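Participant: Sequence first, predicted coordinates after that:
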Amino acid sequence: MTARPSGPVPVLPGCHPDPSVCRAGEEYVMVTSSFALWPGLPVHRSTDLVHWELAGHVLSSRAALDALALDDLDLSDGVWAPTVRHHRGTFYVVFSTARDRRGAGTFVCTAQAPEGPWSDPVAVDAPGIDPSLFFDGDRCWLTACRDATDPAASGPGELWMRELKLDPLEVVGPEHVLWHGAVHGAWVEAPHVFERDGRYHLIAAEGGTERHHAVTAAVADHVTGPWRTDPRSPLLTHRHLGTESGVQNVGHADVVDAVDGTSWAVVLGTRPVDGSHVMGREVFLVPVRWDAGGPVFAPGHGRLPERLDLLAEPHRKPADRWVSLRGPVEHAVHSTAAGRTHVLAPRPDPLTGRGTPALVGRHQDAHRFSFSAELELGSLPRAARCGIVAHQHERAFLALDVVTEDGAVGFELVLQSPAGRRVLAHRAHGPLSRGDRALLELRGDERSYTASVQLEDGARSELGSVAHHELATERVGGFLGVLLALHAQGAATERPVAFGRVSYDAVGEEECACASSRVSG
Ligand code: 6LW
């Protein structure tokens, strides 16, 4: 029998991994990873840690794009694991870029407000990935993780620290090796340092970002060490709960003190069905209590809370965030009485390559959804392939395409998977004639994606279905979740493609799992 997802619901659903959070006055600000998607590093804001809205992006300028060099990257490389902190009126975001799954550069951006404008990225000399900042009075410490110098003795990863001068932004002074983790045998990553009652606490992620993911910790009397493993580690994990747990891969925490004196952590987690997840790593909220030993995650329960009682109303989804691959594309949105029209200029880059195809998508953020768009067949380019796509990676997507060639038009359902390309269905439609419209739809549920086409005469025909695990991270690899996207492949000289009545409707188990008041386990 298929396991229905149940249990905790994300506060930021869809692919938003590696969350980092800080507070500025009465507002909370969260930044998450964006890989080779553009614009990069979404910034969300909230006044209650549960309802988040998009404030902007740290990375959206031409100068940022040039600094990051996203072209040619595997989509799961690029911009990884930011940390956001607020210090004396300025927001600081530090992050690293990855190429071939290894750290390629570390950058800092600053802004006076979450919506920006954000400064251009300033490169700092910090090897490895998952950089973090800790302000201790007016001194700022940069911590990150990298390969250990002596892995046989210590385990594969190590956390290190140096001071960061703020003006100009520059790493200075001696380097301190802090800690090799509590678990050993797996990389220690995602460090964040906190001070509580004169002692320093370091939390980190171990076990890898998959099923064995866990939050571990160390304590020290001085920020540069020596650091001692917190013997209670792991402090939070779902790795021992078995496949019955609706949320898996829980780890990569950051902690914030709320306005009312309570503390909370944001962590990443996944919602697999039958062992496969398609929505990437999502953000969950966990209560934290500090005691003499350090942070206690989900006190009394030790796992993500089933219900977050802060929700007085049904969970609102953050606004649509449309992204492209490895750089900007020509894309305009018009609102009309009939709905939203997205106009995309075709590009020759194929979806299977590492270029910038004419694709804009938004993250799938519920198991059950409908995503649709209408094309006027007579106005399409004479030789093009355009349509809607459930896109996980350049090696894995399900595309429902309208193919035009020599004045004729047909519909095609294509599954690209790591095993190769399969045309699952092809329907010839006949000559391109003005006025003909086709509504393309992809529907999803816990187990499958189903594609259908509805022509103007009202007949809807299903072109086929694929099992959800075809697009799952477990099958495809990498760090992403499914994007529901519009795409237009053709010569750049072809006329733009207008996708009319673009609609995404999520029908979620999310809606019903939310209740009222604080937290119950
Ligand atoms: C992130 C790191 C990780 O930087 O995945 O496996 C990377 N662990 O913490 C990308 O999300």
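Facilitator: Yep, it's here. Numbering: from 1, shown residues only.
Participant: Show me the shaky parts of the stretch 251-400 of the chain.
Facilitator: 308-319 (pLDDT under 70).
Participant: one more time with 90
Facilitator: 306-320, 336-339, 378 (pLDDT under 90).
Participant: In the stretch 351-500 of the chain, what residue comes closest to the ligand?
Facilitator: Relative to the ligand, the nearest point of the stretch 351-500 of the chain is residue 479 (4.6 Å; C-beta to the nearest ligand atom). To be clear about C-beta, it is placed using only N, CA and C from the backbone, and glycine gets the same treatment.
Participant: ok so that residue is a helix residue?
Facilitator: No: per DSSP: H, G, I helix; E, B strand; the rest coil, residue 479 lies outside any helix segment and is coil.
Participant: got the contact list for it?
Facilitator: By C-beta atoms under 8 Å, 6 or more residues apart in numbering, the residues touching residue 479 are 17, 33, 35, 76, 209, 280-281, 473.
Participant: so what's the backbone phi/psi at it?
Facilitator: Here is the backbone geometry of residue 479 (degrees, to the nearest 10): phi -120, psi 10.
Participant: which parts of the host helix or strand of residue 430 are buried?
Facilitator: For residue 430, the host element (DSSP states H and E) is strand 420-431. Residues of strand 420-431 classed as buried: 424-425, 429 (neighbour count, 16 or more other C-beta atoms under 10 Å).
Participant: Okay, and residue 356 sits in which element?
Facilitator: Using DSSP H and E, residue 356 sits in no helix or strand.
Participant: Was I right to think it contacts residue 347?
Facilitator: Yes: contact criterion C-beta atoms under 8 Å: residue 356 and residue 347 qualify, at 6.9 Å.
Participant: okay, and the common contacts of the two?
Facilitator: Residues within reach of residue 356 and of residue 347 at once, by C-beta under 8 Å, 6+ apart, are residue 329.
Participant: This structure against the ligand: which residues are in contact?
Facilitator: 17-18, 33, 80-81, 129-130, 189-190, 205, 208-209, 252, 479 (C-beta under 6 Å from any ligand atom).
Participant: filter those to the buried ones?
Facilitator: 17-18, 33, 80-81, 129-130, 189-190, 205, 209, 252, 479.
Participant: And the residues you listed, which is the shakiest by pLDDT?
Facilitator: Note: of those, the lowest pLDDT belongs to residue 209, at 91.
Participant: Poorly predicted segments of the stretch 101-250 of the chain, please.
Facilitator: Low-confidence segments of the stretch 101-250 of the chain, defined by pLDDT under 90: 183-186, 243-244.
Participant: who touches the lengthiest helix in the chain?
Facilitator: Taking DSSP state H as the criterion, the chain has its longest helix at helix 62-68. Here helix 62-68 makes contact (C-beta under 8 Å, 6+ apart) with 38, 40, 58-59, 78-79, 97, 107, 109, 118, 120-121, 123, 327-328.
Participant: so what's the residue in the stretch 201-350 of the chain positioned nearest to the ligand up against?
Facilitator: Proximity of the stretch 201-350 of the chain to the ligand (C-beta to the nearest ligand atom) peaks at residue 209, 3.3 Å away. With contacts defined as C-beta under 8 Å, 6+ apart, residue 209 is in contact with 17, 249, 251-252, 268, 281, 479.
Participant: let's see 7 Å
Facilitator: 249, 251-252, 281 (C-beta atoms under 7 Å, 6 or more residues apart in numbering).
Participant: Can you name the residues in contact with the helix or strand just after the strand holding residue 430?
Facilitator: Per DSSP H and E, the first helix or strand lying C-terminal to strand 420-431 is strand 437-444. Contact with strand 437-444 is made by 364, 367-377, 387-388, 390, 400, 402, 449-456, 484, as judged by C-beta under 7 Å, 6+ apart.
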